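In: could you look at this predicted model? Sequence included:
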Amino acid sequence: MCEVNKEVLSVKSESVQLSVERWTLRSHSVYVEILSLGAVITSIKTKDRNGHLADIVLGFDDAESYLTNPRYFGAVVGRVANRIAKGQFVIGGKVYKLAINNGPNALHGGIRGFDKALWTCEAVDNGVRLSHISPDGDEGYPGNLKVSVTYTLEANTLSVQYHAHTDQTTPINLTNHSYFNLSGQGTLDIYDHEVTISAEAYLPVDDTMIPTGEIRSVDNTLFDLRKPVLLGPRLKELPSPGFDHNFCLWVPGAPKLHTKCARVMHPGTGRVLEVSTTQPGVQFYTSNFLDGSLRGKGGATYPKHSAFCLETQNWPDAVNQPQFPDALLRPEEEYMHTTHFTFSVA
Ligand code: BGC
């Protein structure tokens, strides 16, 4: 059983006051806080092996800071998470152009993506459902898209269920962008975390972070995380500033399975996070672009490598890469994905 509560915060945005809802989900072992702004998870508190609670996600103390939230802490990202090459794609012969907000590419839904929207909330059993309507032409995307994200907490598992319908064919790729540090948010790095990702392949990227199109086996590469790998030494070996890559959980043509995709363990506290998903990929991102300039919870500064994200999602730029899993949602279809985050101790 999970206890669900709601309070309303008044948040100043430019000259207007916004009513932002803060929902809390509490089970015997896990506490989660969610804002209607950006459908952001602002806090996840879990116990270590001695029963001590700590908040294991990065974020801000005040709701106002989530109006800008430049690194997408905890947010639901959409309409299309990750990058679209040159912010451009073609559907039915028509070229669609999006805002370019990351080098030459479009990232995470645009200038005002779903992470900046004020979602409508309703209580559901063990959780909260947040809904949002993205109008035709929103950030350049076609079709009126109705989307909902349902967070539920049962015992030690937080589930995130994504649904969407559209009235015109559109690309879609929804994920949650939580930054975890299992030692407790505010800890300087994640070098002592052990990571396992059950992926046989990953997507190499070009120098603008767009997949080259190759689906490369992890065999004999630094991307082989199929057995637990200590992050610190592995990050030192990587030629790039860290992991910021899609790991392939599913290959086109195979039946869709609910896949246990990742396990991260922090030996010091015993905290373990396990992730499973129906999505075909997971972007493993080691917060390479954090640089200590944001003022986080409790005054924490978040330097590079102070957290990791496991963004379950479709493969980046799939709308432009026909050999990748289908990125389009058509009017007669239902978009539905689920990701489970399970917290335990070892
Ligand atoms: C991307 C990073 C990006 C970050 C923004 C991640 O999903 O993979 O490249 O910088 O989001 O916070």
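Out: That came in fine, so what should we check first?
In: burial of residue 65, as a residue count?
Out: Residue 65 is flanked by 18 other residues according to other C-beta atoms under 10 Å. C-beta here means a position set from N, CA and C on the backbone, and glycine is covered the same way.
In: before we move on, which element is residue 196 in?
Out: Element membership for residue 196 (DSSP states H and E) is strand 194-197.
In: run the chain-centre distance for that strand.
Out: Relative to its chain's centre, strand 194-197 lies at 17 Å (C-alpha atoms, centre = their mean, to the nearest Å).
In: and it, what does it pack onto?
Out: Judged by 3 or more C-beta pairs under 8 Å, 6 or more residues apart in numbering; DSSP states H and E, the packing partners of strand 194-197 are strand 229-230, strand 259-265, strand 281-285.
In: hmm, who's touching the longest one?
Out: What that stands for is strand 259-265. With C-beta atoms under 8 Å, 6 or more residues apart in numbering as the test, strand 259-265 has contacts from 180, 182, 193-199, 228, 247, 249-250, 271-278, 282, 284, 308, 310, 312, 346.
In: how about stretch 195-203: buried residues?
Out: Within stretch 195-203, the residues scored as buried using 16 or more other C-beta atoms under 10 Å are 195-199, 201-203.
In: what's the end-to-end length of it?
Out: 18 Å (C-alpha to C-alpha, to the nearest Å).
In: quick one: contacts for residue 80?
Out: 106, 108-109, 141, 171-173, 319, 327.
In: how close does it get to residue 15?
Out: Residue 80 sits 31 Å away from residue 15, taking C-beta to C-beta, to the nearest Å as the criterion.
In: state the distance from the closest residue to the ligand within the stretch 101-250 of the chain to residue 210.
Out: Nearest residue of the stretch 101-250 of the chain to the ligand (C-beta to the nearest ligand atom) works out as residue 244 at 4.6 Å. With distances taken as C-beta to C-beta, residue 244 is found 12 Å from residue 210.
In: one more: residue 304?
Out: Distance from residue 304 to residue 210, by C-beta to C-beta: 22 Å.
In: and the furthest pair within the buried residues of stretch 195-203?
Out: 196 and 203 (18.8 Å; C-beta to C-beta).
In: could you give the number of residues near whichever residue of the stretch 1-150 of the chain sits closest to the ligand?
Out: Ranked by C-beta to the nearest ligand atom, the top residue of the stretch 1-150 of the chain for proximity to the ligand is residue 71, at 4.2 Å. Neighbours of residue 71 under the rule other C-beta under 10 Å: 21.
In: can you check residue 58 too?
Out: Using other C-beta under 10 Å, the number of residues around residue 58 comes to 25.
In: in contact with it, which residues?
Out: So residue 58 contacts 73-74, 179-181, 185, 296-297, 300, 302, 306-307 (C-beta under 8 Å, 6+ apart).
In: before we move on, back to that, out of the contacts of residue 80, who's nearest residue 61?
Out: residue 108 (23.2 Å).
In: does that closest one really touch residue 82, like I thought?
Out: Yes. Assessed by C-beta atoms under 8 Å, residue 108 is found in contact with residue 82 at 7.0 Å.
In: brilliant, that's me finished.
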